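1. 3D, please:
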Amino acid sequence: MLKSPYQTFSCSTYILDKITSDVQKELAVDPWSWSAGANNQIGLPVIQLFANERFNPSPFAHPLDVVRPAANRGELEQKTVVIDCRPFTKATRFNELVVTNHPEMNLARRRAILHSIWVTSDDYLLRNTMNSLMPIFASWISESLVKRLDMDALSQLKLANIAAWWFWCQCNNKTDLNEDTRNKVYRMVSDATRASFDSVEEDLDGIEYFDDIVTFCNETKERLNKPSIKHLDPGALIQLTTGVWMGVHAREIMAVAVEYPPYLAAVVYSALHERGMRSAQFTKLVQRFVTRPDIKGFKNSIDKLATAE
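-> Just a heads-up that it's a prediction; the model follows:
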């Protein structure tokens, strides 16, 4: 299981040493002159970096894990998540904070809060809600590829089954997979893709646990064995799947969501909740699943775990 957006294919080359160092130093001095807590009750504390005149580090698009130094003798260092909210805020000449884009601000906060839960022992609270997103993930990945590559309906269904398996692996540890859980996962995949259990068992025969994008591409090419997909690699997969959202850092957010479940959860919630995102292609895909009871349960769970307004 990945534990940071910066472990994904799209963000793995980012060099964060200086930004992290700058933020940590400022956290030790006077963080509340340029930030505010997100007031999340679960997970690591989340601090929001707002537009201000005093502290202006290089931009960072994703939650940053830092260690907040102890403020006083006897206190302990504290792991903290910082999210850059400057693209959605501004400071007036009277030094008052104004939010310029509430949907984007809410999504940024929610990405940070869900990440802050995912990296702690409370991650099971979030993992328990993720099964409901398997149909959305499988449809998103398979339909994005089918639209641009020459594949028949059976190939699309097999691709959806492989994607659903990958999503389960993203949300679970390798040690969670054994012969008993394998059959349970097959049933989950069958429910997610509307494929028969027998076809899921055939499509995923002998498949091993994997949570990385490279293995997904290789498994897809090997199991589909189609000329149109023989050049599929992580770069191509990201290119074909990420043009479905809107707003600041839209493509990169979706690129992370391909591999990092907390981001998928945050984007799905925005698609369900934010009026400003209604015209996005991904929102239209999500809307096809709103009548499923598990999607309603998902929204209620995120309301409790990651209130961001």
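2. Dihedrals phi and psi, the residue nearest to Phe60 when sequence neighbours are not counted?
-> Using Cβ to Cβ, 6 or more residues apart in numbering and skipping the chain neighbours, the partner closest in space to Phe60 is Asp84 (5.0 Å). The C-beta positions use only the backbone N, C-alpha and C, and glycine is treated the same way. Asp84 adopts backbone torsions of phi -90, psi 110, taken as degrees, to the nearest 10.
3. count of residues packed around Asp84?
-> Counted by other Cβ atoms under 10 Å, the residues lying close to Asp84 total 23.
4. For it, give its distance to Met188.
-> Applying Cβ to Cβ, to the nearest Å, the value for Asp84 to Met188 is 36 Å.
5. Pro135 too?
-> Taking Cβ to Cβ, one finds Pro135 at 10 Å from Met188.
6. Give me the more crowded residue out of the two.
-> A side-by-side neighbour count of Pro135 and Met188, using other Cβ under 10 Å, places Pro135 first with 23 against 19.
7. For the more buried one, give me the pLDDT.
-> Looking at Pro135, its pLDDT stands at 97.
8. and Ile207, what is it in contact with?
-> By Cβ atoms under 8 Å, 6 or more residues apart in numbering, the contact list for Ile207 reads Ile162, Trp165, Glu219.
9. backbone phi and psi for the second one, please?
-> In terms of degrees, to the nearest 10, the main-chain angles of Trp165 are phi -60, psi -50.
10. what about the residue nearest to Leu126 when sequence neighbours are not counted, is that helix, strand or coil?
-> Leaving out its chain neighbours, the residue that sits closest to Leu126 by Cβ to Cβ, 6+ apart is Ile117, at 5.0 Å. On the three-state scheme (DSSP: H, G, I helix; E, B strand; the rest coil), Ile117 is labelled helix.
11. check contacts around Ile117.
-> Ile42, Gly43, Asp123, Leu125, Leu126, Pro262, Leu305, Ala306.
12. Same check on Thr129?
-> Contacts for Thr129 (Cβ under 8 Å, 6+ apart) come out as Ala265, Gly297, Phe298, Ser301, Ile302, Leu305.
13. rerun that using 7 Å as the cut-off
-> Phe298, Ser301, Ile302 (Cβ atoms under 7 Å, 6 or more residues apart in numbering).
14. Just the element for it, please.
-> Per DSSP states H and E: Thr129 is located in helix 123-130.
15. Give me the below-cutoff pLDDT ranges for the protein.
-> 31-35, 70-76, 308-309 (pLDDT under 70).
16. Could I get the CA-only coordinates of stretch 261-272 as PDB?
-> Provided in PDB are the C-alpha atoms of stretch 261-272 (Å, rounded to 0.1, in the frame of the first residue of the first chain):
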ATOM      1  CA  PRO A 261      -7.100   5.500  -2.800                       C
ATOM      2  CA  PRO A 262      -7.500   8.600  -0.400                       C
ATOM      3  CA  TYR A 263      -7.300  10.800  -3.500                       C
ATOM      4  CA  LEU A 264      -9.900   8.800  -5.300                       C
ATOM      5  CA  ALA A 265     -12.200   9.000  -2.300                       C
ATOM      6  CA  ALA A 266     -11.700  12.800  -2.100                       C
ATOM      7  CA  VAL A 267     -12.500  13.300  -5.800                       C
ATOM      8  CA  VAL A 268     -15.500  11.000  -5.800                       C
ATOM      9  CA  TYR A 269     -16.900  12.900  -2.800                       C
ATOM     10  CA  SER A 270     -16.400  16.200  -4.700                       C
ATOM     11  CA  ALA A 271     -18.100  14.700  -7.700                       C
ATOM     12  CA  LEU A 272     -21.100  13.800  -5.500                       C
END
